[in-house]
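[1] no FASTA, just this:
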DNA sequence: GACGCGACTTAACATCGTTAAGTATTATAA
DNA sequence: TTATAATACTTAACGATGTTAAGTCGCGTC
C-alpha cells in the first residue's frame, strides 16, 4: 500500500502549492481582490482543480487564517521567557501591533472581518484552544492570571477575562486603525505608530495596575 | 424658470428614495451583500436608473457614509453641554461605542474599511473638517486641548493629536471587536460590552490624567 | 483486459457591477 | 405649431466572479 502513500503525498504537495499562491496574492491585494482564476493561473492548473482540494474560496482562506493565528501565537511563545507578567503583557501588546503592521491583509482577515457561520469551532480546529502556544488569547489570559495572583492589578479588578479583553481591545484599536488608515489620510494627522503604541500600552497598564510608569 | 426647480426637486426625491432603500438594505446585510439590482427592485426602477443619480456603487455608499459621519458628530454635539473636558471625553467614548453597537454595518464601513483611493478629501467633502459639529475627531481633539490647558493630563503629555489618537484607538478597539465578534464566539467568553467599555475608558483616563478613579 | 476511481479540464451557469443603445416624455426654439 | 434637443428612464448585453456539471485520461485493481 505504499502507492496510496505517494498519492497522499502528491495531494499534500499540490494543496501546499495552492495555499502558497493564494497566500502571496492575498498578502498583496487582500481577500476580495484574490480570484480563484488567478490562483489557478499561478499554479498552472484550471480554476476547477482548486475545488478538489478546498470546498470553496472561504475554506481556502480559512486555512491560511489558521496558519496566521498559529504564527501570531508562536511570536508570543518567545515572550514566555519574560518573567515579569506585566512586562510580558506590555511586550505582547507591542508584538501584536507589529504583527498587524507587517501583515495588514492577514490581520484584517483575522480580526476585522466577521466570522463566517461555518468557521471552525475550537473543537473542529487544529488549533488547540487554551494552549498558550497555539492560542494567543490564552497566552494573554495566562499572563493576566499570573499578574493577578501577584497582586499587581488594582484592587477590585479581579476578572482575568475582562482584563484580557480590555487590554486586547486597546492594542486592537491601534492595530485596526493603522491597518485601515495607514496611508496618507487627509482627515487626521497621524502620529507615528510607535508613539501611539507606547502611550496606549503605558496608559492602560498604568490605569489598570498599581504601578506608575509616569509620575 | 420655475419648471427646472420642480425637475430638480423631483431629482432629489428619487435620489433620496435610492439612498433610503440602500441604507435599509445595507444596515441589514452589510456592504458586499447589497446589490444594485436589489436596491433597484425596492424602489421599482431598473438597475440602470441608479446610475443616473450616482456614479457607481461606491459613490452611493460613500454618500450614506457621509450621513453617518454627520450623525455621529451630532451625537457628540449634545455633549458640548458637559463642562468638564475629561468627563466630556469619557461620555464621548461611551457614545461612540454605543453608536457602533447600534449601527454595526455603518460602523464597519466608516472605520473598519480601507478608504478607497477616490474618497473625498476634506476640501471636496460637504463635511467641514475641524468643525466639531461635523467632524467627530475635531470634537475629541477640542476637548483634549481644553483639558490640556487646564493641566489635567500627566506632565510630559502635551500633544493633543497623540492623546486624541490614543483615546480614539482605545474606544475603537472595543467597538471594532464588538462589531466583528458580537454573536456567539466559541473562542472567547466575552464579558458584557458595558463592562468592557467602562473599564477601558476608566483605565485610559486614569493612565493619562492626574486624577484617580480607582484608588 | 475490463473496470473503477482519482485528478484533472472544458464548458457552462447564475450573479455581480456596469455600459451601450434605444425609447418615451417634455421643455425649448423655429 | 411643429421640429429639436434634452431628460429620465428601459432593455439588452458585456465582462468578471465563484461554482458546478459533464467529460477525459491515466493508473491500480479484480
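    That came through fine. In this text the structure is predicted, and so the values were computed from the model without any measurement. Numbers count the residues shown, from 1 in each chain, chains lettered A, B, ... in the order given.

[2] Which strands and helices lie in contact with the worst-scoring helix or strand of chain A on mean pLDDT?
    The weakest-scoring helix or strand in chain A, judged by mean pLDDT, DSSP states H and E, is helix A:2-29 (a mean of 87). Counting by 3 or more C-beta pairs under 8 Å, 6 or more residues apart in numbering or on different chains; DSSP states H and E, the packing neighbours recorded for helix A:2-29 are helix A:36-43, helix A:57-77, helix A:104-111. To be clear about C-beta, it is placed using only N, CA and C from the backbone, and glycine gets the same treatment.

[3] Serialize those helices to CSV and add fields for distance to chain B, mean pLDDT and mean neighbour count.
    Shown next, in CSV, are the helices and strands packed on helix A:2-29 (distance: least, C-beta to the nearest C-beta, whole Å; pLDDT from 0 to 100; neighbours: other C-beta atoms under 10 Å in any protein chain shown):
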stretch, distance to chain B, mean pLDDT, mean neighbour count
helix A:36-43, 17, 97, 16
helix A:57-77, 10, 93, 18
helix A:104-111, 7, 94, 20
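
[4] Of those, which is nearest residue A:18?
    helix A:36-43 (6.1 Å; C-beta to C-beta).

[5] From the chain's centre, how far out is that closest one? Work that out for me.
    26 Å (C-alpha atoms, centre = their mean, to the nearest Å).

[6] ok so, going back, quick one: closest of the helices and strands packed on helix A:2-29 to residue B:85.
    The closest of these to residue B:85 is helix A:104-111. By C-beta to C-beta, the value is 32.0 Å.

[7] can you list contacts of the closest one?
    Outside helix A:104-111, the residues within contact range by C-beta atoms under 8 Å, 6 or more residues apart in numbering or on different chains are A:26-31, A:61, A:64-65, A:68-69, A:72, A:99-100, A:172, A:175-176, A:178-179, A:182, B:177, B:180.

[8] Buried by neighbour count, from those residues: which ones?
    Buried subset of those (neighbour count, 16 or more other C-beta atoms under 10 Å in any protein chain shown): A:26-27, A:31, A:61, A:64-65, A:68-69, A:72, A:99-100, A:172, A:175-176, A:178-179, B:177, B:180.

[9] circling back to that earlier point, so for residue B:55, which of the helices and strands packed on helix A:2-29 sits nearest?
    helix A:104-111 (26.0 Å).

[10] How about that closest one and DNA strand D, any contact?
    No: contact of helix A:104-111 with DNA strand D (C-beta under 7 Å from any atom of the strand) is absent, the minimum separation being 14.3 Å.

[11] what angle separates that helix from helix A:2-29?
    Per axes from the mean of the first three to the mean of the last three C-alpha atoms, to 10 degrees, the angle that helix A:104-111 makes with helix A:2-29 is 110 degrees.

[12] For the helix or strand following helix A:104-111, name the packing helices and strands.
    Moving toward the C-terminus from helix A:104-111, the next helix or strand (DSSP states H and E) is helix A:136-149. Helices and strands touching helix A:136-149, by 3+ C-beta pairs under 8 Å, 6+ apart, are helix A:57-77, helix A:85-102, helix A:160-180.

[13] Run through the residues of chain A sitting next to DNA strand D.
    A:1, A:3, A:34-38, A:47-48, A:51, A:56-58.

[14] what's the closest of these to DNA strand C?
    Of all these, DNA strand C sits closest to residue A:48, with 3.6 Å by C-beta to the nearest atom of the strand.

[15] sorry, back to before: right, and the pair among the residues of chain A next to DNA strand D with maximum separation?
    Longest distance between any two of the residues of chain A next to DNA strand D is 38.5 Å, between A:1 and A:35; criterion C-beta to C-beta.

[16] More neighbours: those two, which one.
    Between residue A:1 and residue A:35, counted using other C-beta atoms under 10 Å in any protein chain shown, the more crowded position is residue A:35 (13 against 4).

[17] Show the contacting residues for that one.
    Residue A:35 neighbours (C-beta under 8 Å, 6+ apart): none.

[18] near DNA strand C, which residues of chain A show up?
    Close to DNA strand C, as judged by C-beta under 7 Å from any atom of the strand, chain A has residues A:7, A:11, A:14, A:45, A:46, A:47, A:48, A:49, A:52, A:53.

[19] Could you tell me which of those residues belong to helices?
    Counting by DSSP state H, the residues of chain A next to DNA strand C place A:7, A:11, A:14 in helices.

[20] Including neighbour count, could the residues you listed go into a markdown table?
    Shown next, in a markdown table, are those (neighbours: other C-beta atoms under 10 Å in any protein chain shown):
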| residue | neighbour count |
| --- | --- |
| A:7 | 10 |
| A:11 | 12 |
| A:14 | 15 |
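
[21] Could you single out the nearest of the residues you listed to DNA strand D?
    Among those, and counting by C-beta to the nearest atom of the strand, the member closest to DNA strand D is residue A:7, at 7.8 Å.

[22] State which one residue of chain A is found closest to chain B.
    Among all residues of chain A, residue A:173 sits closest to chain B, at 2.8 Å; criterion: C-beta to the nearest C-beta.

[23] From residue B:110, how far off is that residue?
    Per C-beta to C-beta, to the nearest Å, residue A:173 is found 14 Å from residue B:110.

[24] need the contact list for the residue of chain A closest to chain B.
    Contacts of residue A:173 (C-beta under 8 Å, 6+ apart): A:200, B:168, B:169, B:170, B:171, B:172, B:173, B:174, B:176.

[25] pLDDT score assigned to the nearest residue to residue A:208 once chain neighbours are set aside?
    Excluding its sequence neighbours, the residue lying closest to residue A:208 (C-beta to C-beta, 6 or more residues apart in numbering or on different chains) is residue B:203, at 4.9 Å. Reported pLDDT at residue B:203 in the predicted model: 98.

[26] try residue A:125
    pLDDT recorded at residue A:125 is 84.

[27] Now do the contacts for the closest residue to residue A:171 other than its chain neighbours.
    In space, and not counting its chain neighbours, residue A:171 is closest to residue A:93: 4.4 Å by C-beta to C-beta, 6+ apart. Counting by C-beta under 8 Å, 6+ apart, residue A:93 makes contact with A:167, A:170, A:171, A:197, A:201.

[28] Of those, which pair is most distant in space?
    So for the contacts of residue A:93, where distance means C-beta to C-beta, the most widely separated pair is A:167 and A:197, at 13.0 Å.

[29] Residue A:137 reaches residue B:189, doesn't it?
    No: in this structure, residue A:137 is not within contact of residue B:189 by C-beta atoms under 8 Å, at 10.0 Å.

[30] Which one of these two is surrounded by more residues?
    residue A:137 (20 against 9).
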